[in-house]
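Enquirer: only the shape, not the letters, is given here:
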């Protein structure tokens, strides 16, 4: 299985307010979401931004929304990143033990 990432926008404003939502899907070899997958996913942020929140849509979960980790629910979870003040790039990598990690890059523009 693989940790597959997609982002809702390719670029955000470098104004400390621009945000992007990264959807994480735990997928099989054919690229389909594994609906019963529930691994803990860890997020690493590099570049001109920071992680400001994580979620998974599980109403029963009481995990911290400000953590850098989130357990997948129905094979999915979400990370929200915020741009810093400088133009550049934000690289988001998501990993989980035993799974192939995934990453996306978001441009921050002045």
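Expert: Perfect, thanks for sending it. This structure is a prediction, so every number in the text was calculated from the model and none was measured.
Enquirer: could you double-check that residue 4 lies in contact with residue 25?
Expert: Yes - using C-beta atoms under 8 Å, residue 4 is in contact with residue 25, at 4.7 Å. No exception for glycine: its C-beta is placed from N, CA and C like everyone else's.
Enquirer: so for those two, which residue has more residues nearby?
Expert: Between residue 4 and residue 25, counted using other C-beta atoms under 10 Å, the more crowded position is residue 25 (21 against 18).
Enquirer: what's the helix or strand for the more buried one?
Expert: strand 19-27 (DSSP states H and E).
Enquirer: buried ones in that strand?
Expert: 19-20, 22, 24-27 (16 or more other C-beta atoms under 10 Å).
Enquirer: again, but for stretch 82-89
Expert: 82-84, 88.
Enquirer: for stretch 26-44, same thing?
Expert: Going by 16+ other C-beta under 10 Å, stretch 26-44 has these buried residues: 26-27, 34, 37-39, 41-43.
Enquirer: what is the most widely separated pair among these?
Expert: Greatest spacing in those, by C-beta to C-beta: 34 and 43 (19.2 Å).
Enquirer: one step back: secondary structure and distance to residue 74 for the buried residues of stretch 26-44 - can I get that in TSV?
Expert: Shown next, in TSV, are the buried residues of stretch 26-44 (DSSP: H, G, I helix; E, B strand; the rest coil; distance: C-beta to C-beta, whole Å):
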residue	secondary structure	distance to residue 74
26	strand	9
27	strand	13
34	coil	9
37	coil	8
38	coil	8
39	coil	12
41	strand	13
42	strand	19
43	strand	19
